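Trainee: After the sequence you'll find the predicted model.
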Amino acid sequence: MSQAKAELQWALIGASDIAKTRMIKAINMQPDSRVTAVFSSNAAHGKAYAAETGIPKVYDTLPALLEDPQIDVVYISTTNDRHRDQAFAAIAAGKHILCEKPLALSVEDARQMVKRGESANLVFGTNHHLRNAVTHRTLRKLVKEGAIGKPLAARVFHAVYLPPRLQGWRLTRPEAGGGVILDITVHDSDTLRFVLGLEVEDVIARSTSQGLAQGGTEDAVMGAMYFGEGVLAQFHDAFTVKHASTGLEIHGTEGSLLAVDVMTQDPIGSVMLRRENEQSQVKLDPPEDLYAHAVRHFNQAVRTGSQPFATGEDGVRSLAVALAALESCKSGCRAPVLYA
Ligand code: NDP
């Protein structure tokens, strides 16, 4: 695409926890990119954050950051309600965008974001980290190669305990896009789409508050997604479960794949293949930091016109599934996934 600079300059839109704990390192560890600026709506927070993370430039208005001609790429990781307008502004300023999930609070808004990025000939990616894991990439490959025959069912175990430092807007502010469905179910849907190579047709789900979520948000959900052709997936997502392990199972006509400790931010976990009377541990390629893998592919997309590892369209689709889950919880009925 447009840039041939030796070093792509990334800016953070949002002085967030995820940028501090994962993304700054993932960007800076690439030989061809560096975080050089951050915008925070809270000037004092932005200043302290920049000092702590070693980011040289700090802006307290978004237009000021976007006017900086040195910046090539922005990473948006504010609360979910702010992604849309920040993306629109960044696209208007000609910056490539890696946006956090969920892309927006409606499919229509998310589609607009992706469409405007495409029209401006900019790279637009969604930060779905899980599909970057060597475990999930291996599961996808094995399913595609027919290692388990025709897939019939999947089970996702993604019930975790929300760390106290993150117990803020996710639990109390539905208008900011809080709640476990927009936070975690959205990742499940992307991972299942990626591993199975199928699209979700409808969702039935039941959510509740188990004591952490307030003000109408949910902190636990169980449900089922239907992919057509008889393929079902069940999911359990929560902010309230302290002692469970995470996992993903795919069951097919000829075998099963059992992946343990894989719905996580770390490059860990194992994959077991069961067929007939055999059970074997699948040999995995060396693990790579999930976020570094995503950034590496994003930088490559900026330089060569290839696709980010999770595209904008992937973000629109995962959001559509999560919104169907929310709708089902509200109505008590099965909800079709509305992709358009
Ligand atoms: P945070 O709560 O850490 O940050 C969200 C925003 O809150 C920041 O952008 C900042 O606003 C404001 N904020 C945070 N801390 C302070 C503070 N101490 N003082 C003042 N303002 C503060 O959010 P997360 O990092 O948990 O999540 C951000 C986004 O990333 C969400 O969209 C979430 O869904 C996504 N996410 C994705 C993950 C993944 O693995 N893909 C994992 C975790 C989150 P301002 O922008 O104005 O500075």
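Mentor: Thanks, I have it.

Trainee: Enumerate the positions of the strand ranked longest in the chain that are buried.
Mentor: Of all segments of type strand in the chain, defined using DSSP state E, the longest is strand 151-159. With burial defined by 16 or more other C-beta atoms under 10 Å, the residues of strand 151-159 counted as buried are P151, A153, A154, R155, V156, F157, H158, A159. For the C-beta atoms, the positions are set from N, CA and C on the backbone; glycine is no exception.

Trainee: can I have it written out in CSV, keeping just the CAs?
Mentor: What follows is strand 151-159 as a C-alpha-only set of coordinates in CSV (Å, rounded to 0.1, in the frame of the first residue of the first chain):
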residue,chain,number,x,y,z
PRO,A,151,-17.4,-31.1,12.1
LEU,A,152,-20.5,-31.6,14.1
ALA,A,153,-20.1,-29.6,17.3
ALA,A,154,-17.8,-27.3,19.3
ARG,A,155,-17.6,-26.4,22.9
VAL,A,156,-16.0,-23.2,24.2
PHE,A,157,-14.9,-22.8,27.8
HIS,A,158,-14.2,-19.1,28.3
ALA,A,159,-15.3,-18.4,31.8
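
Trainee: Quick one: name whatever helix or strand follows that strand.
Mentor: Using DSSP states H and E, the helix or strand that directly follows strand 151-159 along the chain is helix 169-172.

Trainee: A48 should be in a strand, yeah?
Mentor: No: counting by DSSP: H, G, I helix; E, B strand; the rest coil, A48 is not part of a strand but helix.

Trainee: how much space is there between it and Q281?
Mentor: Between A48 and Q281 the distance, using C-beta to C-beta, to the nearest Å, works out to 46 Å.

Trainee: The two - which one has more neighbours?
Mentor: Between A48 and Q281, A48 has the larger neighbour count (other C-beta atoms under 10 Å), namely 14 against 9.

Trainee: How about the residues of this protein by the ligand?
Mentor: Contact residues, the chain versus the ligand (C-beta under 6 Å from any ligand atom): 14-18, 40-42, 45, 77-80, 100-101, 127, 129, 166, 168, 183, 265.

Trainee: so where do the helices sit in the stretch 151-300 of the chain?
Mentor: Counting by DSSP state H, counting those that start in this stretch, one finds helices in the stretch 151-300 of the chain at the ranges 169-172, 180, 186-196, 290-304.

Trainee: how much does the helix or strand that the last one is followed by deviate in direction from helix 186-196?
Mentor: Where DSSP H and E defines the elements, the next helix or strand beyond helix 290-304 is helix 312-331. Angle of helix 312-331 versus helix 186-196, following axes from the mean of the first three to the mean of the last three C-alpha atoms, to 10 degrees, is 120 degrees.

Trainee: tell me the mean pLDDT over helix 312-331?
Mentor: Summarised as a single mean, pLDDT over helix 312-331 is 98.

Trainee: How about stretch 16-36?
Mentor: Summarised as a single mean, pLDDT over stretch 16-36 is 98.

Trainee: Stretch 91-111 too?
Mentor: 98.

Trainee: In the protein, which residue is most central in space?
Mentor: With the centre of the chain defined as its mean C-alpha position, the nearest residue by C-alpha atoms, centre = their mean is H128, 2.5 Å away.

Trainee: helix or strand for that residue, which one?
Mentor: Assigned by DSSP H and E, H128 falls outside every helix and strand.

Trainee: what's near enough to touch it?
Mentor: H128 makes contacts with K101, H187, D190, T191, F194, A310, D314, G315, S318, as judged by C-beta atoms under 8 Å, 6 or more residues apart in numbering.

Trainee: Please repeat the previous calculation with a cut-off of 10 Å.
Mentor: Listed by C-beta atoms under 10 Å, 6 or more residues apart in numbering, the contact partners of H128 are 100-101, 186-187, 189-191, 193-194, 290, 294, 308-311, 314-315, 318.
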